[in-house]
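1. build me a model:
(2 chains)
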Amino acid sequence: MSQEVIREAAPARASLLYDPRVRGIVFQVVLVVLLVLGVWWIVDNTIENLSRSHIATGFGFLKGRAGFDISNHLIDYSSDSSYGRALVVGMLNTAIVAIAGIVSATVIGFLVGIGRLSNNWLIRKLATVYIEVFRNIPPLLVILFWYQGVLALLPNVRDSVGLPFGSFLNNRGFYFPRFVWGDRAWLVVAGLAAGLVLSWYVARRARARQMATGQQFPVFLTSVALIVGMPLLGFALAGFPLSIEFPQKGTFNLTGGVNVKPEFLSLYLALSFYTAAFIAEIVRAGIVGVPKGQTEAYSALGLRSGQGLRLVVIPQAMRIIIPPLTSQYLNLTKNSSLAVAIGYPDLYAVGGTILNQTGQAIEVVVIFMVVYLGISIVTSLFMNWFNTKMALKER
Amino acid sequence: MQEHDMSWVRTEMALAEQAPRSQVGPGAWLRRNLFATPVDSVLTVLALLAVAWALPQMLNWVFFDAVWTGADRTACLTTEQGGQLPAGWSGACWPFVSGRFGQFMFGRYPMEERWRVILTGIVFIALLAPLLIPRVPYKGVNAILFFVVFPFIAFFLLVGGFFGLPYVETPRWGGLMVTLVLSYVGIVVSLPLGILLAMGRRSKMPIVKLLSVIFIEAVRGVPLVTVLFMASFMLPLFVPPGMTFDKLLRALIGVALFAAAYMAEVVRGGLQAIPKGQYEGADSLGLGYWQKMGFIIMPQALKLVIPGIVNTFIGMFKDTTLVLIISMFDLLGVVKQNISGDPTWATPQTAKTGYVFAAAVFWIFCFGMSRYSQFMERRLDTGHKR
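-> Reported below is the predicted structural model:
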């Protein structure tokens, strides 16, 4: 038996080639050099291309006269306004359709999501069919379907379809009465504000008293009474300063009232129904994600099922629901840029028109990026704050 | 000790009693599932009324009142509009779809060259089907054929200009063919690119990490329309004068980059779910970075995120419709073009018919993908799910 001699090797000195740290640095240096070269090449080409087509760079063009009309505008706008103002109008239009869409998508989504968990077989199946249909069809197709397939087929102004409350529907959109506020209408707003503040105060006092003495106070009913009653009081004090302006049928057009254009309607309907299908699935996942033990525990504590849902299940479900819900809201906002396909003047459509008129491709795209990225960043900051607030407090 | 009196011992099992009458049968099912509480009953009645109102209308529109044959718009017009159908008629105008079917599939691809597209389609299905069925062997060879060899075959067949095949320029492409080309390229490019980006985002090298984060967040933060817009308006500015990009290629670049950013986030989710011990185990075996990722981490991580990956695919498939905004004609684009730009079939029902047809096609593809991913998820679920 010969024993092998284990030779003491000198501490292995790996060659520099195999040192992960050195490799990392070399790799990154190469990457940066390539990137700089690539960017330099692109910038160089762009400058040359722009100078060939005689396009001035910079944001000076924003002061120029726009020269085109925008059909929906919240703030004063005419074709004599500047490009910058046109962009603001577009941004506001994006905001309107996004906010309206978010509200209705949330309502439909929660209803359908809860419907999917219903004990009622029919409701459950209907909710499933809704989700499977709308999730698997491109939103752009839904928008075009509403626009060209449904709303364009409505009768013309002369044969407008009359709806309750003096509203009308025709191929120029939806007309409904406008509330015209008279003098001293600010009292109503003041009443609403007072109601909100008072009910907040009542809720705080009631909570403090319940903590101290255990006695409960009907906070909900009081708040409803305050929030509804105070504005009504203000309304009465001001002497009922409200008149309603109904849309009047003329020969060629409806005058008066508020007109919602078919472009807005189809975009709004399509975005709401499409996003609602995703929200429904999120809601379902959130509610299913609360363990059954929680339900049993609140029954064991003697809470009624309504109380248990409100105090135990929903707070925990919301923790699961809200992060993906926010990203659906962001998706809806981004999808509102599909407006360009049907001519609803959102930020993207207005920017596209400006680009065609001025050729300022880079500046316009930069504006798009800044606005949309800004919305994304604000939302994700809010989400992070919310997540830390809602995260399980483990001690 | 007193002996127990065992005068009667049951020797056979008691027969199971029938369930109470109130618990079985259709009556009990109805009571449990439709009329459990008063609120439930009201909901059921309301839902039944809604179904009874909507379903016959839909069926009538699609089947019973629809027009099935005809040569042009007069087949689908009512007497008021100059046709033969009764006034107030409403139904699908299917001859529009069958008359334009070639366009919906191939766009303006030359009639005598369409066999090339069909052949590509057959090769595509012949390679894809065995890849999807788990029992078929030779998955490795099959995958290489599908992901590496097939793009070349498709390129030569569809573009042409070689081996005596006439050249077909991409502006003539259209219809479902463009939808599928965009999705296929998007999938084939975005998955590997997304994996690389996800690895970059989790890399220890600060510059690599920073660049990956910037790319991913910038692309994810803007709508696809903007990315396509950039690809179609700004790419030509970025290259030397005189050099031009094919429009389809620009759209492809836009779609692939967009999908890659989303894919990166999905893959990152999978990477984060892999326990640290797996990384350390691979290190202790002496595997290098790429070996570690390729053999240990990625197989586990990708398996975890299959639903997310397929959701991204479905999203991308739906998003290819957006190329119509940069005036290219995918399936939806061709349908829209035929609806608004073609007087041969201009009737009030044409738009609805065309969009319902397109919706059905998209729905079948997306629904099929999501069902397949659920099947794969169950199959790959080895019980290690955390």
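2. per-residue pLDDT of B:Ala264, please?
-> pLDDT recorded at B:Ala264 is 91.
3. quick one: which helix or strand includes it?
-> Element membership of B:Ala264, judged by DSSP states H and E, is helix B:247-273.
4. pull the residues that contact the helix or strand that that helix is followed by.
-> Following helix B:247-273 in sequence order, the next helix or strand is helix B:276-284 (DSSP H and E). With contacts defined as Cβ atoms under 8 Å, 6 or more residues apart in numbering or on different chains, helix B:276-284 is touched by B:Gln291, B:Lys292, B:Phe295, B:Ile296, B:Ile297, B:Gln300. All C-beta atoms are positioned from the backbone trio N, CA, C, and that covers glycine.
5. how about a cut-off of 10 Å?
-> Applying Cβ atoms under 10 Å, 6 or more residues apart in numbering or on different chains, the contact partners of helix B:276-284 are B:271, B:275, B:287-289, B:291-293, B:295-297, B:300-301.
6. now, of the residues you listed, which are buried?
-> B:Leu271, B:Lys292, B:Met293, B:Ile296, B:Ile297, B:Gln300, B:Ala301 (16 or more other Cβ atoms under 10 Å in any protein chain shown).
7. closest to chain A among the residues you listed?
-> Nearest to chain A out of the buried ones among the contacts of helix B:276-284 is B:Lys292 (Cβ to the nearest Cβ; 12.1 Å).
8. what sits closest to that closest one if chain neighbours are left out?
-> B:Ala282 (3.9 Å; Cβ to Cβ, 6 or more residues apart in numbering or on different chains).
9. tell me how far A:Gln307 lies from chain B.
-> According to Cβ to the nearest Cβ, to the nearest Å, A:Gln307 and chain B sit 18 Å apart.
10. point out where chain A drops to low pLDDT.
-> The model of chain A has pLDDT under 70 over residues A:1-14, A:16-17, A:55-56, A:250-254, A:256, A:391-395.
11. can you list the domains in it?
-> A:2-52, A:83-177+A:261-390, A:179-245 (automatic domain parsing).
12. would a markdown table of those domains with mean neighbour count be doable?
-> Converted to a markdown table, the domains of chain A look like this (neighbours: other Cβ atoms under 10 Å in any protein chain shown):
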| stretch | mean neighbour count |
| --- | --- |
| domain A:2-52 | 11 |
| domain A:83-177+A:261-390 | 18 |
| domain A:179-245 | 14 |
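13. of all these, which one is nearest B:Gly242?
-> domain A:2-52 (10.1 Å; Cβ to Cβ).
14. so what pLDDT did the residue nearest to B:Lys292 get?
-> Reported pLDDT for B:Ala282: 91.
15. how deep is it tucked in, by neighbour count?
-> Burial measure for B:Ala282: 18 neighbouring residues, criterion other Cβ atoms under 10 Å in any protein chain shown.
16. follow-up on the earlier one: what about the buried ones among the contacts of helix B:276-284, which are in helices?
-> B:Leu271, B:Gln300, B:Ala301 (DSSP state H).
17. same list (the residues you listed) but as a markdown table, adding pLDDT.
-> Formatted as a markdown table, those follow (pLDDT from 0 to 100):
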| residue | pLDDT |
| --- | --- |
| B:Leu271 | 86 |
| B:Gln300 | 86 |
| B:Ala301 | 87 |
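18. please produce a markdown table containing those, extended by distance to A:Thr388.
-> Compiled in a markdown table, these are given as follows (distance: Cβ to Cβ, whole Å):
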| residue | distance to A:Thr388 |
| --- | --- |
| B:Leu271 | 23 |
| B:Gln300 | 30 |
| B:Ala301 | 27 |
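19. close to chain B: what parts of the stretch 151-300 of chain A are there?
-> A:Ala152, A:Leu153, A:Tyr274 (Cβ under 10 Å from any Cβ of the partner chain).
20. one more time with 7 Å
-> Contact residues, the stretch 151-300 of chain A versus chain B (Cβ under 7 Å from any Cβ of the partner chain): A:Ala152, A:Leu153.
21. and the residue of the stretch 151-300 of chain A closest to chain B?
-> Closest point on the stretch 151-300 of chain A to chain B, by Cβ to the nearest Cβ, is A:Leu153, at 5.4 Å.
22. nearest residue to that residue other than its sequence neighbours?
-> Nearest non-adjacent residue to A:Leu153, counting by Cβ to Cβ, 6+ apart: B:Pro348, 5.4 Å away.
23. now the helices: where do they sit in chain A?
-> Under DSSP H, chain A gives helices at A:20-52, A:83-116, A:121-135, A:139-144, A:186-213, A:219-237, A:262-288, A:292-300, A:305-308, A:314-335, A:347-358, A:361-390.
24. tell me the angle the longest one makes with helix A:361-390.
-> Taking axes from the mean of the first three to the mean of the last three Cα atoms, to 10 degrees, one finds that helix A:83-116 is oriented at 40 degrees with respect to helix A:361-390.
25. what inclination does helix A:83-116 have with respect to helix A:262-288?
-> Using the same axes, to 10 degrees: helix A:83-116 against helix A:262-288 is 40 degrees.
26. which strands and helices sit next to helix A:83-116?
-> In terms of contacts (3 or more Cβ pairs under 7 Å, 6 or more residues apart in numbering or on different chains; DSSP states H and E), helix A:83-116 is packed against helix A:121-135, helix A:262-288, helix A:314-335, helix A:347-358.
27. tell me which of those sits nearest to A:Lys389.
-> For the helices and strands packed on helix A:83-116, the distance to A:Lys389 is smallest for helix A:314-335, at 10.1 Å, taking Cβ to Cβ.
28. thinking again about what came up before, how much space between the residue nearest to B:Lys292 and chain A?
-> 14 Å.
29. so how far is A:Gly359 from that residue?
-> Between B:Ala282 and A:Gly359 the computed distance is 54 Å (Cβ to Cβ, to the nearest Å).
30. so who does B:Gly161 touch?
-> B:Tyr167 (Cβ atoms under 7 Å, 6 or more residues apart in numbering or on different chains).
31. okay, and for chain B, where does confidence drop off?
-> For chain B (pLDDT under 70), the answer is B:1-6, B:382-386.
32. now the strands: where do they sit in it?
-> Under the criterion DSSP state E, chain B contains no strands.
33. any idea what B:Gly175 is bridged to?
-> For B:Gly175, the beta-bridge partners under DSSP bridges are B:Asp330.
34. that one touches B:Gly102, doesn't it?
-> No - counting by Cβ atoms under 7 Å, B:Gly175 stays clear of B:Gly102, with 8.4 Å between them.
35. more neighbours: which of those two?
-> B:Gly175 (25 against 14).
36. who touches that one in this structure?
-> B:Gln103, B:Phe104, B:Met105, B:Phe106, B:Gly107, B:Phe329, B:Leu331, B:Val334.
37. okay, now the fourth one: neighbour count?
-> In other words, B:Phe106. With other Cβ under 10 Å as criterion, B:Phe106 counts 23.
38. separation between it and chain A?
-> B:Phe106 is 20 Å from chain A, where distance means Cβ to the nearest Cβ.
39. can I assume B:Pro166 is in contact with B:Gly160?
-> Yes - counting by Cβ under 7 Å, B:Pro166 touches B:Gly160, with 5.5 Å between them.
40. more crowded one of the two?
-> B:Gly160 (17 against 10).
41. B:Val141 and chain A, how far apart?
-> Counting by Cβ to the nearest Cβ, the gap from B:Val141 to chain A is 32 Å.
42. separation between the residue nearest to B:Lys292 and B:Thr320?
-> 38 Å.
43. and for B:Phe329?
-> For B:Phe329 relative to B:Thr320 (Cβ to Cβ), the value is 11 Å.
44. cool, A:Gly109 as well?
-> Taking Cβ to Cβ, one finds A:Gly109 at 25 Å from B:Thr320.
45. ok, now A:Val364?
-> Taking Cβ to Cβ, one finds A:Val364 at 24 Å from B:Thr320.
46. returning to what we had before: can you add distance to A:Ile70 and give the domains of chain A back as CSV?
-> Below are the domains of chain A laid out as CSV (distance: least, Cβ to Cβ, whole Å):
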stretch, distance to A:Ile70
domain A:2-52, 28
domain A:83-177+A:261-390, 5
domain A:179-245, 24
